[in-house]
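Student: everything below, folded, please.
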Amino acid sequence: VAGCTNVWAASPRPNDVTKGAAFISGADALLAVGGAHAIAALAYGCGPVGPSDCVVGPGNQYVVAAKSLIAGRVAIDMLAGPSECLVLADDT
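Tutor: Numbering: from 1, shown residues only. Okay, here's the model as predicted:
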């Protein structure tokens, strides 16, 4: 994904659809945690999750607050609330 060597997806209660989407999108692993906890784990590393260079994705007010706290340490996409997210990319 976008030249990343290691991609993690995070979901608080991953079901078969979530797992399938992570697999199809090329995620290397799925973290069964969501919200601010997932943001912290992805930014600073926790257990098998190493610290990330970039954290992206929508979330509630707690995710927005967590992303605002890590913004100086890692890159973030933006401080956005809940939404449907679609990224289209090609080789241009």
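
Student: please count neighbours and contacts with C-alpha atoms only from this point.
Tutor: OK.

Student: what's around the closest residue to residue 10 other than its chain neighbours, how many residues?
Tutor: Sequence neighbours aside, residue 31 is the residue nearest to residue 10 in space, at 4.6 Å (criterion: C-alpha to C-alpha, 6 or more residues apart in numbering). Around residue 31 there are 17 other residues, counting by other C-alpha atoms under 10 Å.

Student: which ones are touching residue 31?
Tutor: Residue 31 sits next to 8-12, 38 when contact means C-alpha atoms under 8 Å, 6 or more residues apart in numbering.

Student: so which of those residues belong to strands?
Tutor: Judged by DSSP state E, strands contain the following of these: 8-10.

Student: mind putting those into TSV with neighbour count and pLDDT?
Tutor: Formatted as TSV, those follow (neighbours: other C-alpha atoms under 10 Å; pLDDT from 0 to 100):
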residue	neighbour count	pLDDT
8	16	92
9	25	93
10	22	94
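
Student: out of these, who's nearest residue 69?
Tutor: Nearest to residue 69 among those, counting by C-alpha to C-alpha, is residue 10 at 18.4 Å.

Student: please verify my assumption that that closest one contacts residue 33.
Tutor: Yes: in this structure, residue 10 is within contact of residue 33 by C-alpha atoms under 8 Å, at 5.9 Å.

Student: separation between the residue nearest to residue 10 and residue 72?
Tutor: 23 Å (C-alpha to C-alpha, to the nearest Å).
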